[in-house]
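In: the sequence isn't on hand, but the structure is:
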């Protein structure tokens, strides 16, 4: 997975890791590990992030460069 994409999307939206973690109902440390590539991102998180950022799961997964 392209972890940089979830970080870039968050930064483009001017959100903190804490704000996104709260949206996902998880601890900020867990979310940070997703962004850093320390943990595999679950499918449900990819789906929720795609909805939150109004993009596709394909973009988040690196299957397309079109948001």
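Out: Ah, there it is. Keep in mind that what you see is a predicted model, and the values were worked out from it rather than measured.

In: and the helices in this protein?
Out: Applying DSSP state H to the chain gives helices spanning 3-12, 17-23, 28-36, 43-52, 57-61.

In: can I get those helices in CSV including distance to residue 67 and mean neighbour count?
Out: Yep, even glycine has a C-beta here, placed from its N, CA and C like the rest. Converted to CSV, the helices of the chain look like this (distance: least, CB to CB, whole Å; neighbours: other CB atoms under 10 Å):
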stretch, distance to residue 67, mean neighbour count
helix 3-12, 9, 16
helix 17-23, 17, 16
helix 28-36, 18, 16
helix 43-52, 10, 15
helix 57-61, 5, 17
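
In: can I get those helices in TSV including mean pLDDT?
Out: Formatted as TSV, the helices of the chain follow (pLDDT from 0 to 100):
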stretch	mean pLDDT
helix 3-12	95
helix 17-23	98
helix 28-36	96
helix 43-52	97
helix 57-61	94
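
In: contact partners for the residue nearest to the spatial centre of the chain?
Out: Centroid-nearest residue in the chain, with CA atoms, centre = their mean: residue 6, separated by 3.6 Å. By CB atoms under 8 Å, 6 or more residues apart in numbering, residue 6 lies in contact with 34-35, 41, 49, 60.

In: biggest separation within those, which pair?
Out: Using CB to CB, these span at most 11.9 Å, a distance reached by 35 and 60.

In: how close does residue 42 get to residue 66?
Out: Distance of residue 42 to residue 66, computed by CB to CB, to the nearest Å: 24 Å.

In: ok, those two, which is more surrounded?
Out: residue 42 (11 against 8; other CB atoms under 10 Å).

In: pLDDT value on that one, please?
Out: pLDDT for residue 42: 96.

In: let me see the backbone angles for it.
Out: In terms of degrees, to the nearest 10, the main-chain angles of residue 42 are phi -70, psi 150.
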